[in-house]
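Engineer: quick one, fold the following:
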Amino acid sequence: MREPVQFSEREKHVIEFLIQGRSNKQIAHALGVSVRAVEFHLSNIYAKLGVSSRTEAALKLVETPLRESAGRELRESTVVEMDKYKDNVATSFSPRRAPMQKSSMIGLSILALTGAFFLLALYQMASERAALQEVVANPTSLPTLTFTAPTQTPIPTTSSKEHVFEQIRQLAVEYEQAIQSEKKNGEVEYSKDPQTGEDIFLFQGESYSRIQDLEQKLWENINQLNTLYVQIYRDELKPTPFPTQNSAEESKLYYDLLVSQTNDYCADAWNMEVKPGTILIYRVDEGKYLPMGAGDDYARCETYGQMIEEWRTAPILAKVNKDADMAMIRQVMGNPDLELTFQSASGSANAPGRSGVIYSDQTGAQYYVDVDTARLAAIEPGLSGHPDIPPAETKTMDELRGIARQFAATNSPRLAELESELLYEENCKGTFCFFRWDYRNRDWTGTDWMMMPPFLQVGVLKNGRIATYNNTLDLFE
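Structural biologist: Numbers count the residues shown, from 1 in each chain. Alright, predicted model coming up:
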């Protein structure tokens, strides 16, 4: 019998939200950490499970005893998922507003496999150098960070980091003042945590909406300041890059070693115990106060994670022509003026063993470009979600089908070749329709594609605008 996978406490927290279908950004907000920290935890979880994507991880997790402790399951279908996304774009995700549907047979529909993909985290953590220089006054040199023997970093007597940290603390104070005012004058429900006996108070009705909005804005501001703090810390530290390895096998072993050492660097940053100086933030959906990551412990952990990620993605980025990628995206989207920003390198959520790079536009929409083929493999919607569409702008189903078919055929060289073997389905929910060509009717047993057979799916708003796109038909051998 296979030994159960062992996860750290922080990994278990991430897993709970992963199974709920939350995005990386939502997980980061809930845990009071950065999006990069969530990504790092996810990479460790993937490695322990032997998977390469959040979808595979979620499927494995719901089949293990950990599913019971998480208490949540994957959503039933892509259409339901997209509709929930649309309904919640105005505010952050709330399990009380959008309760998870019970799923009894994960294998009943392959659509369940793609649900988590559309809720990937939409993150944007870049800090402009000009803004950084306004805060950085006289950085002080700190001991060099290496990949062995982690040491505590002394806090400088005078540092611009202190100014940034004080801004974070002030934001927390202002948020707490709003909490106490709403608690006194608004609609509140009091109870106790059934497991710990801890006092809990949950805002209701308009009080809940007001505090939820304030919490979302708080985390947006804190994440920006934390990013700035980490950048100052890293500029002062000037860490030594990890050495290049001689082969892919050695690189994999070395990466695993670096990840295992992260516990040493991040033990204090991930510690949820309250200690002197800890900043506590009221979490609107939990109804209680939880500590947040900040300061040098947090920055040291983030810096180490950044270095690992940069070392891991360097071979991927060496193959990438960013200008060519962005020109291709503009051509595909039919918008030569589309403003694009490089985000990161990443593994594909739906294509085992494939790597790509992510670009975003001004709306937050993300475009995933496969490294090996330099083709657009996915589009994820921005924060604007799916707007209401006036009846006069609504197209017929035949028109929408034609738009989706043309987009799919133009961007997938393999669709025409395989179409006779694929299962086709289409459906609409609200203002969104999806059109899907799926290869699940073939036996993929014994291959990397066993859990998620190749497919091509185009999501179209009822005004004819392309909203989402996923193409793995062109990524399997």
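Engineer: what's downstream of the lowest-mean-pLDDT helix or strand in the chain, the next helix or strand?
Structural biologist: One helix or strand of the chain scores below all others by mean pLDDT, DSSP states H and E: helix 129-135, with a mean of 33. Remark: after helix 129-135, the chain's next helix or strand is helix 160-185, criterion DSSP states H and E.
Engineer: any idea which helix or strand comes after that following helix?
Structural biologist: Immediately after helix 160-185, counting by DSSP H and E, sits strand 188-192.
Engineer: what is that following strand packed up against?
Structural biologist: strand 199-203 (3 or more Cβ pairs under 8 Å, 6 or more residues apart in numbering; DSSP states H and E). All C-beta spots, glycine's among them, are computed from the backbone N, C-alpha and C.
Engineer: who does the strand it packs on pair up with?
Structural biologist: Applying DSSP bridges, strand 199-203 is found paired with strand 188-192 (antiparallel).
Engineer: avg pLDDT for the strand it pairs with?
Structural biologist: The pLDDT scores in strand 188-192 average 91.
Engineer: residues making contact with that strand?
Structural biologist: By Cβ atoms under 8 Å, 6 or more residues apart in numbering, the residues outside strand 188-192 that reach it are 182, 198, 199, 200, 201, 202, 203, 204, 207, 287.
Engineer: for stretch 249-259, same thing?
Structural biologist: Stretch 249-259 is contacted by residues 43, 44, 47, 147, 242, 245, 308, 311, 312, 315 when judged by Cβ under 8 Å, 6+ apart.
Engineer: for residue 328, see how far away the third one is.
Structural biologist: Between residue 47 and residue 328 the distance, using Cβ to Cβ, to the nearest Å, works out to 32 Å.
Engineer: relative to helix 160-185, how tilted is the longest helix seen in the chain?
Structural biologist: Using DSSP state H to define each element, the chain has its longest helix at helix 205-237. Angle of helix 205-237 versus helix 160-185, following axes from the mean of the first three to the mean of the last three Cα atoms, to 10 degrees, is 170 degrees.
Engineer: only C-alpha atoms, please: export the following helix or strand past helix 205-237 in PDB.
Structural biologist: Next along the chain after helix 205-237, taking DSSP H and E as the criterion, comes helix 248-270. Output of helix 248-270 as PDB, limited to C-alpha atoms (Å, rounded to 0.1, in the frame of the first residue of the first chain):
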ATOM      1  CA  ALA A 248      18.800  18.200 -16.200                       C
ATOM      2  CA  GLU A 249      19.000  15.400 -13.700                       C
ATOM      3  CA  GLU A 250      21.400  17.300 -11.400                       C
ATOM      4  CA  SER A 251      19.300  20.400 -11.700                       C
ATOM      5  CA  LYS A 252      16.200  18.400 -10.600                       C
ATOM      6  CA  LEU A 253      18.100  17.000  -7.600                       C
ATOM      7  CA  TYR A 254      19.500  20.400  -6.700                       C
ATOM      8  CA  TYR A 255      16.100  22.000  -7.000                       C
ATOM      9  CA  ASP A 256      14.700  19.500  -4.600                       C
ATOM     10  CA  LEU A 257      17.500  20.300  -2.200                       C
ATOM     11  CA  LEU A 258      16.800  24.000  -2.400                       C
ATOM     12  CA  VAL A 259      13.100  23.500  -1.800                       C
ATOM     13  CA  SER A 260      13.800  21.300   1.300                       C
ATOM     14  CA  GLN A 261      16.100  24.000   2.700                       C
ATOM     15  CA  THR A 262      13.300  26.600   2.400                       C
ATOM     16  CA  ASN A 263      11.900  25.400   5.700                       C
ATOM     17  CA  ASP A 264      15.000  26.700   7.400                       C
ATOM     18  CA  TYR A 265      14.600  30.200   5.800                       C
ATOM     19  CA  CYS A 266      10.800  30.400   6.100                       C
ATOM     20  CA  ALA A 267      10.200  28.700   9.500                       C
ATOM     21  CA  ASP A 268       9.600  32.100  11.200                       C
ATOM     22  CA  ALA A 269       7.700  33.600   8.300                       C
ATOM     23  CA  TRP A 270       5.300  30.600   8.100                       C
END
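Engineer: give me the mean pLDDT for helix 248-270.
Structural biologist: The predicted model assigns helix 248-270 a mean pLDDT of 80.
Engineer: now swap in stretch 362-381 and tell me
Structural biologist: Here the average pLDDT along stretch 362-381 is 90.
Engineer: end-to-end on it?
Structural biologist: End-to-end span of stretch 362-381 (Cα to Cα, to the nearest Å): 11 Å.
Engineer: give me the buried positions along it.
Structural biologist: Residues of stretch 362-381 classed as buried by neighbour count (16 or more other Cβ atoms under 10 Å): 365-371, 375-381.
Engineer: now stretch 245-265
Structural biologist: Neighbour count says stretch 245-265 has 251, 254, 255, 258, 259, 261, 262, 265 buried, by 16+ other Cβ under 10 Å.
Engineer: of these, closest to residue 324?
Structural biologist: residue 251 (26.1 Å; Cβ to Cβ).
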